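build me a model from this:
(2 chains)
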Amino acid sequence: MNVKRLIPYLTAAIVFSWAIALFFSSPKTTKTDPSMGALIHQYKMSDLSIVQFDKSGQQIHTIHAEKAETINDLTTLTAPTIETRVEDNRWKMSAGSASSKDNFLSLALAQRVNIEESSAKTRLSFVTDNLHYDARRKQLSTEAPVTINNGGFKLSGVGLSVDLTNQRYEIKSQVKGQEAQ
Amino acid sequence: MKYGVFLIVFLIHGLSISSDLKHCKTASFSAESSSGSGRLGEMIHRGNVVYCDQQVAFSADQLTVKRTDDQRSIFEGIGNPIRMQQRNESFSIDAKAQKFSYRSNEQLFNFENKVEIDLVSRDNKLMIKSTQVSYQFQNTDQTLPDALNASGDPLSILITGENRAPLEATASQLSYQHQTGTLTLQGKVTFNQAGNQIKAEKLIYNSIDQTWQVPPIKNKRIEIIKNPEL
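Got it, this is the predicted structure:
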């Protein structure tokens, strides 16, 4: 058998095998969106901890989460805890999940949302199903049913807005209250 | 005939302010909306505010609840009108006004502007119309009135009850002690009962034994007109 005649076939077979192996071993985290023609960036993290500061170097808040997943601009947090301090008052928010599209400057919290405020004089706590946190304006809001404990009375109602700067809160409708035991 | 007119006035007046507010064991309230300030330690409830506890029940258009440093509550209500009620087996009080404050730890109500009070006890009904009334009740097992002070121009009183002629009076100040049944009227007092009329600067009336006395006051005239039919 003439070996020289087999060389082109052997070369073609080696190149073909190498091309197939390369195709199946290529990374999958970056792919092309056929409709947008843009890249999708996806990150997964565990035990996320972030401290954010504003332009003047003032701390905005700290965020902790058991898990975080980012797909392009949308970040979803699992079991997040957010803490922010406004003057002498410390506000702590926790929830089952949260999502943000603007680098945590606003967050939509969902599932067993708990908000606690503590200062030397007062102690406030709120519980609701979902909540919008605006870190720029230092405001919280929801249209969902809410329960509030202000130390003296336990209140319930529908819809809530909280101004963290001025420590003011408003229950929008259907308010009922009972003296805390 | 005259008693009939009083009876009609009594019934109309009674119906207008005595529809029951619910009492409750634990202090509770409802409102259309509420806002609170952690900094000021107060809450403002708005729209059809109804409050009740073991001792009182009241309603208002707006109710502000302030917490004192010792965690007591001060209530301030406005409305058109605000209403307050207390009930037990031996007495009832119904109040209407445009403004009130209530200090729960002191058992003290202050009513202002277009105040109307109905106090029913010992088969008597005392009706007061005034501009300012303070009402103190006893903090006993069974809530009872203690004292009631009123002032205003005009300040009018109507006392009705079984087996007695209605008593009408006007004055500028009134003080009522519930335990003794003593009603002290001061300042341009006019007192009318069964056609008898007294004008004096001060008059003390006992609503239990239905007696009255006019203490002498220097340089003040006492005028008594007796009904000739009696």
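
center of chain A - which residue?
residue A:99 (3.4 Å; CA atoms, centre = their mean).

what lines up beside the host helix or strand of it in the sheet?
Taking DSSP states H and E as the definition, residue A:99 sits inside strand A:97-100. Strand A:97-100 pairs in its sheet with strand A:74-78 (antiparallel), strand A:106-118 (antiparallel), by DSSP bridges.

residues of the shortest one that come out buried?
Same thing as strand A:74-78. A:75-78 (16 or more other CB atoms under 10 Å in any protein chain shown). (Glycine included, C-beta is placed from N, CA and C.)

for chain B, which segments count as helices?
With helices called from DSSP state H, chain B shows them at B:2-17.

now the strand holding residue A:99, how far from the chain's geometric center?
How far strand A:97-100 lies from its chain's middle: 3 Å, per CA atoms, centre = their mean, to the nearest Å.

quick revisit: report pLDDT for the residue nearest to the centre of chain A.
pLDDT, residue A:99: 96.

ok, it - contacts?
The contact partners of residue A:99, by CB atoms under 8 Å, 6 or more residues apart in numbering or on different chains, come to A:74-77, A:107-108, A:110.

specify which member of the residues you listed is nearest to chain B.
Checking the contacts of residue A:99 against chain B with CB to the nearest CB, the nearest one is residue A:107 at 21.8 Å.

bridged to the closest one, which residues?
residue A:133.

list the pairing partners of the strand ranked longest in chain B within its sheet, with orientation.
Counting by DSSP state E, the longest strand found in chain B is strand B:144-161. Applying DSSP bridges, strand B:144-161 is found paired with strand B:124-138 (antiparallel), strand B:167-177 (antiparallel).

how about the strand holding residue A:99 as PDB, C-alpha atoms only?
Only the C-alpha atoms of strand A:97-100 are listed here, as PDB (Å, rounded to 0.1, in the frame of the first residue of the first chain):
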ATOM      1  CA  SER A  97     -35.700  37.800  47.700                       C
ATOM      2  CA  ALA A  98     -35.000  41.200  46.000                       C
ATOM      3  CA  SER A  99     -34.100  42.400  42.600                       C
ATOM      4  CA  SER A 100     -32.400  45.500  41.300                       C
END
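
what are the bridge partners for the residue nearest to the centre of chain A, then?
With DSSP bridges as the rule, residue A:99 is bridged to residue A:76, residue A:108.

where do the strands of chain B begin and end?
B:28-31, B:33-37, B:42-52, B:57-67, B:73-87, B:91-103, B:108-121, B:124-138, B:144-161, B:167-177, B:182-193, B:196-206, B:211-213, B:223-225.

wait, which of those strands is closest to residue A:10?
strand B:33-37 (83.9 Å; CB to CB).

okay, the most far-flung residue of chain B relative to its centre and residue A:133: tell me how far apart.
For chain B, the largest distance from the centre (CA atoms, centre = their mean) belongs to residue B:39, which lies 34.9 Å off. Per CB to CB, to the nearest Å, residue B:39 is found 20 Å from residue A:133.

so what touches the one helix or strand in chain A whose mean pLDDT sits lowest?
Lowest mean confidence among the helices and strands of chain A (mean pLDDT, DSSP states H and E): helix A:3-24, at a mean of 83. Taking contacts as CB under 8 Å, 6+ apart, no residue outside helix A:3-24 touches it.
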